[in-house]
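Enquirer: below: sequence and its predicted model.
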Amino acid sequence: MFQIFVNANFDFVGKRRWFYIGSVGAVALALLSIALHGGLNYGIDFTGGGLIQVRYDKPVKVDDVRRGLDELKLGTGVIQQFGDPREYLIRLPPAEQNAEQLGARVRDALAKAAGASVEVRRLEFVGPQVGRDLQIQALYAVLAGMAGILIYVAIRFDFRGGLIAILALAHDVMVTLGALSVSSLEMSLPVLAALLTIVGYSINDTIVVFDRIRESRGRGLRRGQGLADLINGAINQTLSRTILTSFTTFLASLVLLVFGGEVLRDFAFALVIGVVTGTYSSVAAAALVMDWELWTMRRRSKGPATATTRGGAGRAAPKMAGKGNGQTARKP
Amino acid sequence: MPRRLGLRIALVAVVVAVSVWYLYPPGKTINLGLDLQGGIHLVLGVDVDKALEAQVERAGDTVRAELEKKGIGVTRIERRGTSELVIQLASAQSWDAAVATASEVLGGFDRKEADPAARRIVLALKPREVATIRDLAVRQGLETIRNRVDQFGVAEPSIQQQGENRILVQLPGVQDPDRAKALIGKTALLEFKLVDERTDPETALRTGVPDGDEILYQRRVDKETRQERKIPFVVQKKAYVTGRDVATARVSIDQNTSEPYVSVDFNAAGAKAFADLTDANVGRRLAIVLDGSVHSAPQIRERIPSGRAQITGGFTTPEATDLAIVLRAGALPAPVQVLEERTVGPSLGADSIRKGFVSTVAAALAVVLFMLIYYRLSGLIADVALGLNLLLLLAAMAGFHATLTLPGIAGVVLTIGMAVDTNILIFERIREELRSGKTVRGAIEAGFARAFRTVIDTHVTVLVSAAILYQFGTGPVKGFAVSLAIGILASLFTAVFFTRLVFDLTYMGSRRVDRISI
């Protein structure tokens, strides 16, 4: 029987400072990269503009494509080789001009300049108005997704759990956006779909851990067991689950990244990053529960040291630990 | 002994049978999206303000005619903004009669201002009227485009309203997107206008056009140099016969030049108007105007009673064919503008299908192998459940006539990764219960029962995301949301219900069970 983490006993809660440093650092890096790139690299879905994918019947140089494109005077397009040297992707800036006959004009001009026949494989044109509408809608969609999750988790657990879960989700989305930015990938509609999927999926592991914390609490703290032990126990007991479920989804996303082709590449990339960071953040989120507990307890008692240190450094054992069996820390 | 085994087996059998029935034959039952089979996706913005303006201007013409009939002098009648009409009277003498006439003729307008001193009446379209005209413009546009596409011959087109004033057109498998676009986007307002022979176009360009006239251009493309020339014409604004009077139109070939032209047959009213017009204006030129440009301006040689006209102008055969189509289908009530276009060539679509297929198979293999190695017999059960899940997913897509897009395939691949999650949650729980000392049967009972709530959680959250994506997304992304949602829902049946059934059959019989392969 293959098993992983059967008797896992990692001190996640004690090391939670490293989670915080890692997460804050990753989000800071993400923000920095996005800032340095002058904001998110929105694709034409959001900015408006044109995208043309062409394939020549023989390999051509970028210069040949450029010459053909210049002839059309469509503004400064970005030309990018796409797959093999016969295939190119041309991005055109948003323009007021109509897309009428654009395909035929591009085909003729490119063919003439390169002396090869050209097939227009894909042509996308998005008017500036549509793009602007979409940017706002996209923001709403992600926020609505998070709000939906917040409400569900708040009903299912409590408002605090919902807030922590949302924090974890925002972290996942930010890190994924940062990874996209660092890799100079575009924020397109499929990528947005990936982000929303991550929002819905990466919350799952968090729920599994939260559920276990609550279940353990329902049984009450054993004598001598601190809250830190309880949370650590919950994370460790569910660790194999968390890793395994994410692993299969990670596998599927990775397959998409490798075999899915150029069109799905950015989408799959966002998923891969999101699944990984989502798994990590579910553990970090559970550790955050600890600090919230400590904070509320400190506020409630207003006394000096309400948490005594027991065992290793940072393993806080709150006062209620001594209250004995059958005592829930707070109503779930 | 577990309860109702027979019933549960029967249910699974029925579900499988129904799925297979929906899926058969597979090539025909699953709709492929535009990004997979190639085609055009167009979002057209209907310029509803133009429809309003045209309506106001027509109302202006009507009220002018009515006022003149009653002998009330009018200095000018003009449109202000999109929905207001300003009537300037020549004198204040018959003021009351003029106001009464205006209210009588212009039922859809509110009187906004009536100033006898300035001899001015200002009317504004009623808000309800404005809404009706806007709505009608979009709906008529939709209808007209549908007619045109039907005549163009596209298999399974989809034409629907999107938002308030947008029209979404999806044409799968169209080979010549530029031609289809031109056909759909053309306003196709056909007008027959008399050329004003008194004014020379060059003079008019310098000094301005006489009242009631306008300058329209004829575009001529030189066949050698491909340079475009614009020839100005001074024509009367009033259109005597329009596309509304056309009964039918078709392509014919000129016997002498062997050039194609479009032959137009008017309906009864149109034929009479055309006969009267030609009768009264023999010797003058009649400009045939399409969407504001002059196609040709032949001289009227004699009265034409046949109710038939010819539109010539150096067409290619496809151009003439398309013009005949748009004339038959009628003009758009308002111009449209392409706001968004996505065209995918058939070769790229085929590529995408291949890559999607490879990805699905590779992901399935990887996940199936992993489950088999990690959970052994239980993993095999989960793998069979996964296969059943994919069957249900495809069958549901066929049953709901959902469209499979490339992101939709990605959704299927993701479903493969996520559907087994449910089994992992259950299996891990069973292992845990076993470790805590439960018997095999006890562990299975407890494992399924305790994992169930978590399973519901994970399903709800993913469904929330999918629902928002569906609400928000366009074409391909909607396809992703659909396949993800169906796949996740199906996994409730396959990973929980079906797996439980197999477990019950395997381990819950009357014989003793000491070991479980998990």
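Expert: Good, I have the coordinates.
Enquirer: who does the strand or helix carrying A:Arg55 touch, helix- and strand-wise?
Expert: Taking DSSP states H and E as the definition, one finds A:Arg55 inside strand A:49-56. If contacts are counted by 3 or more C-beta pairs under 8 Å, 6 or more residues apart in numbering or on different chains; DSSP states H and E, strand A:49-56 sits against strand A:84-92, helix A:102-114, strand A:118-126. Heads up, the C-betas are built off the backbone N, CA and C, glycines and all.
Enquirer: run the chain-centre distance for that strand.
Expert: 29 Å (C-alpha atoms, centre = their mean, to the nearest Å).
Enquirer: stretch A:74-82 too?
Expert: 29 Å.
Enquirer: now do the buried residues in it.
Expert: Buried residues in stretch A:74-82, counted by 16 or more other C-beta atoms under 10 Å in any protein chain shown: A:Leu74, A:Gly77, A:Ile79, A:Phe82.
Enquirer: go back to these and keep what's next to chain B.
Expert: With C-beta under 8 Å from any C-beta of the partner chain as the criterion, these include none near chain B.
Enquirer: now for those residues: which two are most distant?
Expert: Greatest spacing in the buried residues of stretch A:74-82, by C-beta to C-beta: A:Leu74 and A:Phe82 (18.4 Å).
Enquirer: just the element for A:Arg132, please.
Expert: Short version, using DSSP H and E: A:Arg132 is in helix A:128-156.
Enquirer: alpha carbons only: can I get whatever helix or strand comes next after that helix in CSV?
Expert: Scanning forward in sequence from helix A:128-156 by DSSP H and E, the next helix or strand is helix A:159-182. The C-alpha trace of helix A:159-182 is given here as CSV (Å, rounded to 0.1, in the frame of the first residue of the first chain):
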residue,chain,number,x,y,z
PHE,A,159,-17.7,34.7,9.0
ARG,A,160,-14.2,34.5,10.3
GLY,A,161,-13.5,31.3,8.4
GLY,A,162,-15.0,33.0,5.3
LEU,A,163,-12.7,36.0,5.7
ILE,A,164,-9.6,33.8,6.1
ALA,A,165,-10.6,31.7,3.1
ILE,A,166,-11.1,34.9,1.0
LEU,A,167,-7.7,36.1,2.1
ALA,A,168,-6.2,32.8,0.9
LEU,A,169,-8.1,33.1,-2.4
ALA,A,170,-7.0,36.7,-3.0
HIS,A,171,-3.5,35.5,-2.3
ASP,A,172,-3.8,32.7,-4.9
VAL,A,173,-5.2,35.1,-7.5
MET,A,174,-2.5,37.6,-6.9
VAL,A,175,0.3,35.1,-7.0
THR,A,176,-1.1,33.6,-10.3
LEU,A,177,-1.4,37.1,-11.8
GLY,A,178,2.2,37.8,-10.7
ALA,A,179,3.4,34.6,-12.3
LEU,A,180,1.6,35.6,-15.5
SER,A,181,3.2,39.0,-15.3
VAL,A,182,6.7,37.6,-14.7
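Enquirer: can you pull the buried residues of whatever helix or strand comes next after helix A:159-182?
Expert: Going down the chain from helix A:159-182, the next helix or strand is helix A:189-219, by DSSP H and E. The neighbour-count check on helix A:189-219 (16+ other C-beta under 10 Å) flags A:189-214, A:216-217 as buried.
Enquirer: of these, which are in range of chain B?
Expert: A:189-190, A:192-193, A:196-197, A:199-201, A:203-204, A:207-208, A:211.
Enquirer: want to throw those residues into a markdown table with pLDDT and distance to B:Leu23?
Expert: Formatted as a markdown table, those follow (pLDDT from 0 to 100; distance: C-beta to C-beta, whole Å):
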| residue | pLDDT | distance to B:Leu23 |
| --- | --- | --- |
| A:Leu189 | 87 | 29 |
| A:Pro190 | 88 | 27 |
| A:Leu192 | 89 | 31 |
| A:Ala193 | 89 | 26 |
| A:Leu196 | 88 | 29 |
| A:Thr197 | 90 | 26 |
| A:Val199 | 89 | 32 |
| A:Gly200 | 89 | 27 |
| A:Tyr201 | 90 | 27 |
| A:Ile203 | 89 | 33 |
| A:Asn204 | 88 | 30 |
| A:Ile207 | 88 | 34 |
| A:Val208 | 88 | 34 |
| A:Asp211 | 86 | 37 |
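Enquirer: wait, what's in contact with residue 130?
Expert: In the absence of a named chain, chain A is used. Shown in contact with A:Val130 (C-beta atoms under 8 Å, 6 or more residues apart in numbering or on different chains): A:Gly48, B:Val43, B:Leu339, B:Glu340.
Enquirer: could you do chain B instead?
Expert: Contacts of B:Val130 by C-beta under 8 Å, 6+ apart are B:Leu52, B:Ser83.
Enquirer: spatially nearest residue to the residue of the stretch 301-450 of chain B found nearest chain A (excluding sequence neighbours)?
Expert: Nearest to chain A, among the residues of the stretch 301-450 of chain B, is B:Gly417, at 3.0 Å (C-beta to the nearest C-beta). Closest residue to B:Gly417 apart from its sequence neighbours, by C-beta to C-beta, 6 or more residues apart in numbering or on different chains: A:Ala252 at 3.0 Å.
Enquirer: that neighbour and B:Leu414 touch, don't they?
Expert: Yes - shown here, A:Ala252 and B:Leu414 form a contact pair, counting by C-beta atoms under 8 Å, at 5.5 Å.
Enquirer: ok so, going back, mind checking which of the contacts of A:Val130 land in strands?
Expert: Within the contacts of A:Val130, residues falling in strands by DSSP state E are B:Val43, B:Leu339, B:Glu340.
Enquirer: hang on, isn't the first one packed against B:Gly185?
Expert: No - using C-beta under 8 Å, B:Val43 makes no contact with B:Gly185, being 11.5 Å away.
Enquirer: which neighbours do the two share?
Expert: Shared contacts of B:Val43 and B:Gly185, counting by C-beta under 8 Å, 6+ apart, come down to B:Val338.
Enquirer: so which bits of the stretch 51-200 of chain B are right by chain A?
Expert: By the rule C-beta under 8 Å from any C-beta, the part of the stretch 51-200 of chain B lying against chain A is B:Pro177, B:Asp178, B:Lys181, B:Ala182, B:Gly185.
Enquirer: helix/strand/coil for the residue most central in space within chain B?
Expert: Residue closest to the average C-alpha location in chain B (C-alpha atoms, centre = their mean): B:Leu168, at 2.1 Å. At B:Leu168 the chain is in strand, as set by DSSP: H, G, I helix; E, B strand; the rest coil.
Enquirer: burial check on the residue nearest to A:Leu189 when sequence neighbours are not counted, number of neighbours?
Expert: Once flanking residues are discounted, A:Leu189 sits nearest to A:Asp45: 4.5 Å by C-beta to C-beta, 6+ apart. A:Asp45: 26 surrounding residues under other C-beta atoms under 10 Å in any protein chain shown.
Enquirer: is it true that A:Asp45 touches A:Val191?
Expert: No - A:Asp45 is beyond contact range of A:Val191, at 9.1 Å (criterion: C-beta under 8 Å).
Enquirer: got a list of what residue 209 touches?
Expert: Using chain A here. A:Ala234, A:Ile235, A:Thr238, A:Thr242, A:Ser282, A:Val283, A:Ala285, A:Ala286.
Enquirer: try chain B instead
Expert: Per C-beta under 8 Å, 6+ apart, neighbours of B:Val209: B:Thr199, B:Ile215, B:Val234.
Enquirer: if I look at the first one, how far off is B:Thr458?
Expert: Going from B:Thr199 to B:Thr458 by C-beta to C-beta, to the nearest Å gives 78 Å.
Enquirer: neighbour-wise, which of the two wins?
Expert: Shown here are B:Thr199 and B:Thr458; by other C-beta under 10 Å, B:Thr458 has more neighbours (23 against 17).
Enquirer: quick one: stretch A:109-122 near chain B?
Expert: Yes - residues of stretch A:109-122 contacting chain B under C-beta under 8 Å from any C-beta: A:Glu119, A:Val120, A:Arg121, A:Arg122.
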